[in-house]
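*Asks:* Compute the structure for the input listed below.
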Amino acid sequence: MSTYQTEEEQVEALKNWWKENGRSVIAGVIIGLLVVGGGKGWLEYQRVQSENASAYFEGFSQAATESDMEKALQRGESLIREYPDTAYAFYAALELARLRYQAGEKDKAVARLRWAEDHAPDEGLKQLARVRLARLLVDTGALDEALKLVAQPAEDAWQGEYLAIRGDIKQARGDHEGARKDYRAALEKGVSLPLLLRMKLAELGG
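*Replies:* Modelled structure (predicted):
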């Protein structure tokens, strides 16, 4: 606008510019308001979802603590169904797997751990679910499937757990020397239950 010499020319130029661009400016403003409003709406939606999921999880945890199996299973499954994208659902799935296992429902426990692995909020929790799933698969005799889970490279924090599970698989297949090797390597890398692993190694004469 500064290139125009007179005020009248500037006003006239502004009118012409508005005729040509006014609609797009208004549209841009409206879109901007919608984006900002939509973003706030989405944040509010997420907040409400998180609060509701938290309430579900509290009820689920209380029922599990009180050994009210029927109520715990009902609330846990409801939480996963209603709020699958929350971290609460992930932790509920882990706990449901434990409850199902204790009830002798190993297939349902496996299903819940599969769900947890697929819906983990981050990579570390995904590895946690995978390790528990692999251990349960070993327990159920699904050795090939368990091996697939721990055959791939793991992050440093999980290498010991992977090695320990591979040792369990080899022990179940009668490869005691291979199991001893993996157990020793697992202890060197570090595991969550070193005493249990040393007991397994001692049983194998390691």
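*Asks:* give me the low-pLDDT residue ranges for this protein?
*Replies:* Low-confidence segments of the chain, defined by pLDDT under 70: 1-50, 206.
*Asks:* Not counting sequence-adjacent ones, nearest residue to the residue nearest the centre of the chain?
*Replies:* Residue closest to the average C-alpha location in the chain (CA atoms, centre = their mean): Ala120, at 0.8 Å. In space, and not counting its chain neighbours, Ala120 is closest to Lys126: 3.7 Å by CB to CB, 6 or more residues apart in numbering. Just so you know, the C-beta spots here come from the backbone N, C-alpha and C atoms, and that holds for glycine as well.
*Asks:* Tell me how far that neighbour lies from Arg112.
*Replies:* 15 Å (CB to CB, to the nearest Å).
*Asks:* who's more crowded, those two?
*Replies:* Each of Lys126 and Arg112 has its neighbours counted (other CB atoms under 10 Å); Arg112 has more, 28 against 16.
*Asks:* Apart from its neighbours in sequence, what residue is nearest that one?
*Replies:* For Arg112, the spatially nearest residue (CB to CB, 6+ apart) is Ala97, at 4.1 Å.
*Asks:* What are the contacting residues of the host helix or strand of the one you found?
*Replies:* According to DSSP states H and E, Ala97 maps onto helix 87-102. Here helix 87-102 makes contact (CB atoms under 8 Å, 6 or more residues apart in numbering) with 50, 53-54, 56-57, 60-61, 64, 69, 72-73, 76-77, 79-80, 83, 106, 108-110, 112-113, 115-116, 119-121, 125, 128-129, 132, 136.
*Asks:* Could you identify the buried members of those?
*Replies:* Buried members of these, counted by 16 or more other CB atoms under 10 Å: 53, 56-57, 60-61, 64, 72-73, 76, 79-80, 83, 106, 108-110, 112-113, 115-116, 119-120, 125, 128-129, 132, 136.
*Asks:* how far away is the residue nearest to Ala120 from Gly160?
*Replies:* Lys126 is 17 Å from Gly160, where distance means CB to CB.
*Asks:* Quick check: next helix or strand after whichever helix or strand Ala157 is part of?
*Replies:* Assigning secondary structure by DSSP H and E places Ala157 in helix 156-172. Counting by DSSP H and E, the element after helix 156-172 in chain order, helix or strand, is helix 176-189.
*Asks:* could you point out which element follows that following helix?
*Replies:* Helices and strands here follow DSSP H and E; after helix 176-189, the next one along the chain is helix 194-203.
*Asks:* Just list what that next one packs against, helices and strands only.
*Replies:* Judged by 3 or more CB pairs under 8 Å, 6 or more residues apart in numbering; DSSP states H and E, helix 194-203 is in contact with helix 156-172, helix 176-189.
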